[in-house]
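**Q** Give me the fold of what follows.
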Amino acid sequence: MYVLSLPQYPRYRSDHGPGEAPCAQAAGGADGAHLPLHFRAGGDGCQHPHRPGFPAGLPGVPPVGVLSGDAGLHGVPAGLAEGRPYLYRPGVPGLYRQSHHPERRLPSGVGAAPPHRICGGGTDRHLVCGREAAAVKAIQAEDLCYTYEDGTVALDHITFAAEKGKVTGILGANGAGKSTLFLSLNGVLTPKSGKVVLGSQPVRYDKKGLLELRRRVGIVFQDPDDQLFSADVYRDVSFGGVNLGLPAEEVRRRVEDALERTGVSHLRDKPTHALSYGQKKRVAIAGVLVMEPEVLILDEPTAGLDPQGVSDIMKLLARLRDELGMTVLIATHDMDIVPLYCDYAYLLGGGKVLLEGTPEQLFADPAALRANHLRLPRIAHLMEVLREVDGLDADRSAATIGAARREILRMLKEENQ
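**A** Residues are numbered from 1 along each chain as shown. Predicted coordinates:
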């Protein structure tokens with residue numbers, strides 16, 4: 001039997017049992033050459049003290065190189081002629097070398113609440129308009145662990161799933177494990193234990209498996225300068241399609257479509273160094289869309305943008321979900337975008353999943369958010385003030401202007417009766 005219950009409480013992940021050790025060091029491959037340039041020793045992009053430098057003395061993949069000898073070296077397509085220059089590019093396939101849910105507990109003092117989601121037969125199910133419907137998982141992690149070389153546990157038995165055609169938010173403060181999780185989902189980092197499942201198949205970390213993973217799962221880094229290398233926009237966006245070995249006409253079709261969808265068609269001939277920060281973000285997304293991924297992962301997509309830029313980029317992601325059925329994952333600590341655009345969300349802290357649920361469920365526990373250096377969305381905070389300070393029966397889960405308006409009108413109506 002399947003039960004539909006009201007989303008009242010967040011779903012807590014249980015802590016590890018007594019004596020259960022944190023995950024061990026993740027080697028991340030035999031030579032570490034899969035790490036993007038900005039994670040290596042001396043790279044300018046490393047902004048986190050626990051992100052690894054590149055192991056000394058190991059070969060790696062150069063950011064710029066010349067193909068010689070074995071045409072398959074570093075995954076460069078065999079069709080490229082010897083001596084032809086090529087670029088290393090994070091998140092693009094071919095240029096790297098190589099569920100069950102744990103028990104939940106509710107916050108102390110909260111009575112038993114019916115589960116928001118009932119699992120059966122290995123597939124999560126919801127009741128939609130009175131009918132039973134299977135929730136298809138586009139990508140999921142099962143008991144995933146990763147530890148950096150300095151001993152920092154970045155992922156500590158992470159289990160989560162992103163539903164196909166939905167926007168899933170990964171919330172957490174800096175250092176919570178969001179970026180490490182995303183790099184593991186794209187195969188840039190190889191977990192020491194646990195697994196990533198794409199569709200119904202576990203990811204294989206051999207050359208063929210990683211090429212397939214990066215074709216189907218695109219990643220957009222927080223800083224677009226980590227992904228823009230070509231002299232002009234058109235060549236930069238076309239890079240992934242050319243690397244796939246697609247016919248020239250197909251590359252043109254995909255590039256035109258990606259430029260149009262991201263609203264940067266008018267910038268096709270503009271030098272990438274002359275773009276604004278927001279334009280660079282859109283061009284970076286367009287470059288990934290050319291790959292036609294099933295899953296689009298974005299690390300802090302709104303970072304560094306003005307309010308209009310935040311709205312524009314999030315509306316773009318919502319259109320990709322609605323028009324293409326694309327599965328979108330965003331890592332963010334911008335709480336105001338979560339109730340507007342996320343269908344489901346996970347709260348990470350210390351490399352663990354602490355809570356999961358709809359945005360309304362997560363915002364029902366403001367103490368957990370604040371304990372992890374986050375805040376309520378401003379509208380939800382208003383509801384909290386009305387409830388705690390003014391003594392009104394305000395629904396603390398109302399986190400959008402529309403929901404707050406309905407809640408305030410309801411309270412006014414009840415007061416006048």
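**Q** buried sites along the lengthiest helix in the chain?
**A** Taking DSSP state H as the criterion, the chain has its longest helix at helix 307-324. Applying a neighbour-count criterion of 16 or more other Cβ atoms under 10 Å, one finds 309, 310, 312, 313, 314, 316, 317, 320, 321, 324 buried in helix 307-324. The way it works is simple: take the backbone N, C-alpha and C, and place the C-beta from them, glycine included.
**Q** C-alpha coordinates for that helix, CSV please?
**A** What follows is helix 307-324 as a C-alpha-only set of coordinates in CSV (Å, rounded to 0.1, in the frame of the first residue of the first chain):
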residue,chain,number,x,y,z
PRO,A,307,19.4,40.1,-8.7
GLN,A,308,18.3,40.2,-12.4
GLY,A,309,21.1,37.8,-13.3
VAL,A,310,20.0,35.4,-10.6
SER,A,311,16.5,35.5,-11.9
ASP,A,312,17.5,35.0,-15.5
ILE,A,313,19.8,32.1,-14.9
MET,A,314,17.3,30.2,-12.7
LYS,A,315,14.5,30.8,-15.2
LEU,A,316,16.8,29.4,-17.9
LEU,A,317,17.4,26.2,-15.8
ALA,A,318,13.6,25.9,-15.2
ARG,A,319,13.0,26.1,-19.0
LEU,A,320,15.6,23.3,-19.6
ARG,A,321,13.6,21.2,-17.1
ASP,A,322,10.2,22.1,-18.5
GLU,A,323,11.0,22.1,-22.2
LEU,A,324,13.6,19.3,-22.5
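**Q** got a list of contacts for it?
**A** Contact with helix 307-324 is made by 165-167, 261-263, 278, 281-282, 285, 289, 296, 298, 301-302, 305, 326-328, 330, 334, 337, 340-341, as judged by Cβ atoms under 8 Å, 6 or more residues apart in numbering.
**Q** now what about the very next helix or strand once past it, what contacts it?
**A** Counting by DSSP states H and E, the next helix or strand C-terminal to helix 307-324 is strand 327-332. Applying Cβ under 8 Å, 6+ apart, the set of residues contacting strand 327-332 from outside is 138-139, 162-172, 178-179, 181-182, 185, 294-302, 317, 320-321, 338, 341-342.
**Q** so of the contacts of helix 307-324, which ones are in strands?
**A** 167, 296, 298, 327, 328, 330 (DSSP state E).
**Q** burial count for the last one?
**A** Other residues within reach of residue 330, judged by other Cβ atoms under 10 Å, total 28.
**Q** Quick check: the gap between the closest residue to it other than its chain neighbours and residue 374.
**A** Using Cβ to Cβ, 6 or more residues apart in numbering and skipping the chain neighbours, the partner closest in space to residue 330 is residue 298 (5.0 Å). Going from residue 298 to residue 374 by Cβ to Cβ, to the nearest Å gives 18 Å.
**Q** which residues touch residue 197?
**A** 99, 137, 139, 140, 141, 142, 203.
**Q** Generate a ChimeraX selection restricted to the buried subset of those residues.
**A** The ChimeraX command for the buried members of the contacts of residue 197 (criterion: 16+ other Cβ under 10 Å) is given here:
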select :137,139,140,141,142,203
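**Q** which one among the contacts of residue 197 gets closest to residue 220?
**A** The closest of these to residue 220 turns out to be residue 139 (Cβ to Cβ; 15.4 Å).
**Q** Please report phi then psi for that closest one.
**A** phi -150, psi 140 (degrees, to the nearest 10).
**Q** Is it correct that it is in contact with residue 161?
**A** Yes - the criterion here is Cβ atoms under 8 Å, and residue 139 meets it with residue 161 at 7.5 Å.
**Q** if we can go back for a sec, would you turn the buried residues of helix 307-324 into JSON lines with distance to residue 404 and pLDDT?
**A** What follows is those, written out as JSON lines (distance: Cβ to Cβ, whole Å; pLDDT from 0 to 100):
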{"residue": "309", "distance to residue 404": "24", "pLDDT": "93"}
{"residue": "310", "distance to residue 404": "20", "pLDDT": "95"}
{"residue": "312", "distance to residue 404": "23", "pLDDT": "94"}
{"residue": "313", "distance to residue 404": "24", "pLDDT": "95"}
{"residue": "314", "distance to residue 404": "19", "pLDDT": "95"}
{"residue": "316", "distance to residue 404": "25", "pLDDT": "96"}
{"residue": "317", "distance to residue 404": "24", "pLDDT": "96"}
{"residue": "320", "distance to residue 404": "28", "pLDDT": "95"}
{"residue": "321", "distance to residue 404": "24", "pLDDT": "95"}
{"residue": "324", "distance to residue 404": "31", "pLDDT": "93"}
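**Q** closest to residue 211 among those?
**A** Using Cβ to Cβ, the buried residues of helix 307-324 come closest to residue 211 at residue 324, 22.1 Å.
**Q** hang on, residue 238 in a helix?
**A** Yes - under DSSP: H, G, I helix; E, B strand; the rest coil, residue 238 falls within a helix.
**Q** got a pLDDT number for it?
**A** pLDDT, residue 238: 95.
**Q** Also residue 58?
**A** With respect to pLDDT, residue 58 has a value of 34.
**Q** Residue 397 now?
**A** For residue 397, the predicted pLDDT is 81.
**Q** just residue 46 next, same as before
**A** For residue 46, pLDDT reads 39.
**Q** ok, back up a step: just the buried ones from the contacts of helix 307-324?
**A** By 16+ other Cβ under 10 Å, these give 165-167, 261-262, 278, 281-282, 285, 289, 296, 298, 301-302, 305, 326-328, 330, 334, 337, 340-341 as buried.
**Q** and residue 178, what does it touch?
**A** Residue 178 touches 170, 171, 172, 299, 331, 348, counting by Cβ under 8 Å, 6+ apart.
**Q** If we only consider those residues, which is nearest to residue 384?
**A** When these are compared against residue 384 (criterion: Cβ to Cβ), the nearest one is residue 171, at 17.6 Å.
**Q** Tell me how many other residues crowd the closest one.
**A** 27.
**Q** Find the nearest non-adjacent residue to it, please.
**A** The spatial neighbour of residue 171 that comes closest, neighbours along the chain excluded (Cβ to Cβ, 6+ apart), is residue 347 at 4.9 Å.
**Q** so the one you found is in which element?
**A** strand 344-349.
**Q** Just after that strand, pick out the following helix or strand.
**A** Downstream of strand 344-349 (by DSSP H and E), the next one is strand 352-357.
**Q** For that next one, buried residues please.
**A** 352, 353, 354, 355, 356, 357.
**Q** now for it, which elements pack on it?
**A** Helices and strands touching strand 352-357, by 3 or more Cβ pairs under 8 Å, 6 or more residues apart in numbering; DSSP states H and E, are strand 11-12, strand 153-163, strand 344-349, helix 359-363.
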